[in-house]
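Q: attaching a predicted model along with its sequence, questions to come.
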Amino acid sequence: PQTIYLSDYTPPAYLVDSVHLTFQLAPTATRVISKIAFRPNPEATSREFFLNGEQVELIWAKIDGAEVAPAVSPDGVRMDVPDAPFVFEAEVEISPQTNTALEGLYMSNGMYCTQCEAEGFRKITFYPDRPDVMSVFTVRIEGAEPVLLSNGNPTAQGDGWAEWHDPWPKPAYLFALVAGDLVAHPDQFQTMSGKDVELNIYVRPGDEGKCAFGMEALKASMKWDEDVYGREYDLDIFNIVAVDDFNMGAMENKGLNIFNSSCVLASPETSTDGNFERIEAIIAHEYFHNWTGNRITCRDWFQLCLKEGLTVYRDSQFTSDLRSAPVKRISDVNDLRGRQFREDAGPLAHPVRPDSFVEINNFYTATIYEKGAEVIGMLKRLVGDAAYAKALDLYFERHDGEATTIEAWLTVFEDTTGRDLSQFKRWYEQAGTPRLTVSESYEAGTYSLHFTQMTPPTPGQPDKAPQVLPIAVGLLAEDGTAVQPTVVLEMTKQEQRFKFSNLESKPIASILREFSAPVILDTAALPDNRVFLLAHDTDPFNKWEAGQTLAKDLLVSMVTEGATPDQSFLNALVEVARDDSLDPAFRELALSLPIDDDIAQAVFETGAAPDPDAIFTARETLKLSIAEALSDSLPRLMASCQIDAAYAPDADQVGKRSFGAALLNYLSLLDGGKAAQAQFDSATDMTQQFTSWLCLLRVEKDAAATSDFYGQWQHDRLVIDKWFGARIGAASPDKAVAMAQALTQHPDFAVTNPNRFRATLGALAGNHAGFHRADGSGYQMLADWLITLDAINPQTTARMSAAFQTWKRYDADRQGLIAAQLERILATPDLSPDTTEMVGRILN
Ligand code: B3K
Ligand code: ZN
């Protein structure tokens, strides 16, 4: 496999004016007939004509009507072409049925579907498969399936065929085709300029009842993008299709979004509140790509964050507007730390805009997506809301229809604000999470905060320059009143001091409010005001953060020094739980302890090797102490979570249910699962059923509930995914591997289905103490399955191999065991380039 460098970018030799494709569908012998109008690119530096193509069999090719014999290699075709516009035609054969990699055209439960991002179109036909070649596509599908879909607008159809035309030039990665026995859940939307758009969610027969929520989310997204960004939809029709076998969450193909069925199908009986929220966010995300990704796309794959960071940022704004902004921020930061900080701290660290890759599919990472979104949040914080809105208008106006770059994006902000963003650009170029250390001083009414920033070395980047950090700070008086409302300090140097004068007394600082920059804040040099901030901070994020850092420090000292739970922390936590002026959703977040993996990282940062069993035990011990401290309040608080209305996944109800579930979890530790069993028996929605079953699993009173749950939901694959995942995720450390072994033998396990594979092996990797068993059985089991899966589906294998990325934090024995498994994977004959790259990077 070859490394590709950003610095090697050259413009395409030929551009495409139009593409006509005819598909004659057949499971193992689909014919694709293409007619592509090329013209030399005046900006090109070469005249070499090369079309990508992999696993496609060339039947014939013509140029301007005359048959030609191109030089065929495993990655494409090369030939001599006129130095003037010409038409290339070809017929190829492909085999969707045997395409288990789920990239290109493949089959899922008898239905044809595609996944082309990033480089899947080359598995469909010969084409310049790069995002800076944009063209207008016309597609004819011939097949016996009742529903035949492609991008754009339908233009004609008859018995066994349909034609589609997409007027918007697009790169090949946005091409899509679906053919199957599907039913539509239809609706419509009128855009801001009065245009009617037909909407459909297509599903397999039997799933019709699970589309209503997704459809509402789609309409809400369309309206929100008009209201907030002024962006209107641009075709007569917008289709979504649910597919059971899919490597990721969903895909933003122009006018034809394809979704993993787990990210669109929902009903109160089968989906949890968390599922509903995730579905709403993903539908919004894919829809928002229509402007940030499709109308304006990426020049090359190094610019991936241009569309992904921005679109994640936009979907988080949407969720904040529809639900609770503080709750969304806290969960985003939790996710950022759990996935992106982890990546940034280990062998897989890379810049938001990488400068090299082997397999681009390995770069759909938390860094590109989530850190990419944080960078946009910082930019907005620095320039202000009004300038951000102006800059975005200019971005859409200036770059509509283009495949562009991060440079162009930043120039839009420079032109709008007159700011020089060259230092800010380091956020795109430097990997690693900056560490921000703070100390304070107070003298004669002047309070100063002194900050130092340092970004540790990451692979290929030993030295880092200072970055621009927006640090939101507020000051509080000892009685909890605000003496300085939030201000954003702009730190640009390695060391910098900020002063607040005319104060009556020494204030208490609340630093990095709203998590205003994705950094690790070290406050060890400040007086420990966390109990005070947990009680009084007016910034919800920092209020939560104070409790989290207290819990984390306590857990670390329990693990490393045998400390016992601290009464002042427990009291403060109970106060928050009892404070009815706070949103129940916030109280749930405040009561949630850091997960084992976070504690392991925190232990590692003290210089010790984390002991997974000790971490598990400490967390269990602290949970029990919290349960005991809360016990008197539990009846009243649980009663306050009762809902007397029909189930709805709205912020209000979700908040109550999630707080109620946290309380039930604590109660189960005291009543042996009695209340949880009662809730399980009477539950009428999946959230109540699942959360109570989880409580029973954790106190190991789950036998009857587990089989009831299976019996009730055996026919529903999405619920059965939960059943697989929960049993392994909640298994005690000594039983997790055995449970995972047993479930991989279960008749419902399927290595070819990414959802089921992730539910099973992903849950094993997520059971920290179970996966890290000292005997190495967890490592071996995951490696065995990764090796098996690699021959079937390299993308999902490579992605899941990241479970090993934290291996260097553990003791020498565990490191040896993991290294042996990584070496064994690497030594597998015919290992895919995807997995070879990932495992190689993890090992180095
Ligand atoms: N753009 C797709 C992800 C494609 C992943 C390719 N391996 C979904 C999204 O980000 O919206
Ligand atoms: Zn996206």
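A: The structure has been received and is ready for your questions. Ligands and ions are numbered 1, 2, ... in the order given.
Q: would you mind measuring from residue 593 to ligand 1?
A: Going from residue 593 to ligand 1 by C-beta to the nearest ligand atom, to the nearest Å gives 31 Å. Bear in mind the C-beta positions are built from the backbone N, C-alpha and C, glycine included.
Q: quick check on that residue: phi, psi?
A: Main-chain torsions, residue 593, degrees, to the nearest 10: phi -80, psi 150.
Q: what's around it, how many residues?
A: 20 (other C-beta atoms under 10 Å).
Q: same question, residue 747
A: Applying other C-beta under 10 Å, we find 5 residues neighbouring residue 747.
Q: what is the three-state secondary structure of it?
A: Here residue 747 is recorded as coil under DSSP: H, G, I helix; E, B strand; the rest coil.
Q: ok, it to residue 756 distance?
A: Distance of residue 747 to residue 756, given as C-beta to C-beta, to the nearest Å: 12 Å.
Q: residue of the stretch 1-150 of the chain nearest ligand 1, please.
A: Nearest to ligand 1 in the stretch 1-150 of the chain, going by C-beta to the nearest ligand atom, is residue 117, at a distance of 4.1 Å.
Q: per-residue confidence for that residue?
A: For residue 117, the model assigns a pLDDT of 98.
Q: gap between the closest residue in space to it that isn't next to it in sequence and residue 2?
A: Leaving out its chain neighbours, the residue that sits closest to residue 117 by C-beta to C-beta, 6 or more residues apart in numbering is residue 173, at 4.2 Å. Distance, residue 173 to residue 2, by C-beta to C-beta: 20 Å.
Q: neighbour count for the two, which is higher?
A: Regarding residue 173 and residue 2, a neighbour count based on other C-beta under 10 Å identifies residue 173 as having more, with 24 against 6.
Q: just the C-alphas of stretch 240-250, formatted as PDB.
A: What follows is stretch 240-250, C-alpha atoms only, in PDB (Å, rounded to 0.1, in the frame of the first residue of the first chain):
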ATOM      1  CA  ILE A 240     -33.900   8.200   2.800                       C
ATOM      2  CA  VAL A 241     -33.400   4.400   2.600                       C
ATOM      3  CA  ALA A 242     -32.800   2.200   5.700                       C
ATOM      4  CA  VAL A 243     -30.300  -0.600   5.100                       C
ATOM      5  CA  ASP A 244     -29.500  -3.400   7.600                       C
ATOM      6  CA  ASP A 245     -25.900  -4.000   6.500                       C
ATOM      7  CA  PHE A 246     -24.000  -0.800   6.600                       C
ATOM      8  CA  ASN A 247     -20.400   0.100   7.700                       C
ATOM      9  CA  MET A 248     -21.300   3.400   9.400                       C
ATOM     10  CA  GLY A 249     -24.200   5.500  10.600                       C
ATOM     11  CA  ALA A 250     -25.500   7.000   7.300                       C
END
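Q: any bit of that stretch sitting next to ligand 1?
A: Yes: Stretch 240-250 reaches ligand 1 (C-beta under 6 Å from any ligand atom) through 248, 250.
Q: that stretch: which residues count as buried?
A: 240-250 (16 or more other C-beta atoms under 10 Å).
Q: quick check: closest non-adjacent residue to the residue in the stretch 601-750 of the chain positioned nearest to ligand 2.
A: The stretch 601-750 of the chain approaches ligand 2 most closely through residue 718 (21.7 Å), counting by C-beta to the ion. Nearest residue to residue 718, sequence neighbours excluded (C-beta to C-beta, 6+ apart): residue 262, at 5.4 Å.
Q: ok, now residue 485?
A: Nearest in space to residue 485, with sequence neighbours left out and distances taken as C-beta to C-beta, 6+ apart, is residue 474 at 6.1 Å.
Q: so what does the one you found look like in phi/psi?
A: Backbone dihedrals for residue 474, given as degrees, to the nearest 10, come out at phi -130, psi 150.
Q: tell me which parts of the stretch 151-300 of the chain are close to ligand 1?
A: 248, 250-252, 285-286, 289.
Q: in strands only, show me those residues.
A: Within those, residues falling in strands by DSSP state E are 250-251.
Q: okay, the residues of the stretch 151-300 of the chain next to ligand 1 in JSON lines with pLDDT next?
A: Shown next, in JSON lines, are those (pLDDT from 0 to 100):
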{"residue": "248", "pLDDT": "98"}
{"residue": "250", "pLDDT": "99"}
{"residue": "251", "pLDDT": "99"}
{"residue": "252", "pLDDT": "99"}
{"residue": "285", "pLDDT": "99"}
{"residue": "286", "pLDDT": "99"}
{"residue": "289", "pLDDT": "99"}
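Q: can you tell me the closest non-neighbouring residue to residue 807?
A: Of all residues not flanking residue 807 in the chain, residue 818 sits nearest, at 4.2 Å (C-beta to C-beta, 6+ apart).
Q: then residue 147?
A: residue 182 (4.4 Å).
Q: list the contacts of that neighbour.
A: 111, 146-147, 202-205, 241 (C-beta atoms under 8 Å, 6 or more residues apart in numbering).
Q: on the pLDDT front, check it for me.
A: pLDDT for residue 182: 98.
Q: what about it, distance to residue 379?
A: Distance, residue 182 to residue 379, by C-beta to C-beta: 41 Å.
Q: repeat that for residue 527.
A: Relative to residue 379, residue 527 is positioned 33 Å away (C-beta to C-beta).
Q: of these two, who's got more company?
A: Neighbours per residue (other C-beta under 10 Å) separate residue 527 from residue 379, with residue 379 holding more: 23 against 11.
Q: so the nearest residue to the more buried one once chain neighbours are set aside: helix, strand or coil?
A: Leaving aside its chain neighbours, residue 379 sits nearest to residue 413 (6.4 Å; criterion: C-beta to C-beta, 6+ apart). Secondary structure assignment for residue 413 (three-state DSSP): helix.
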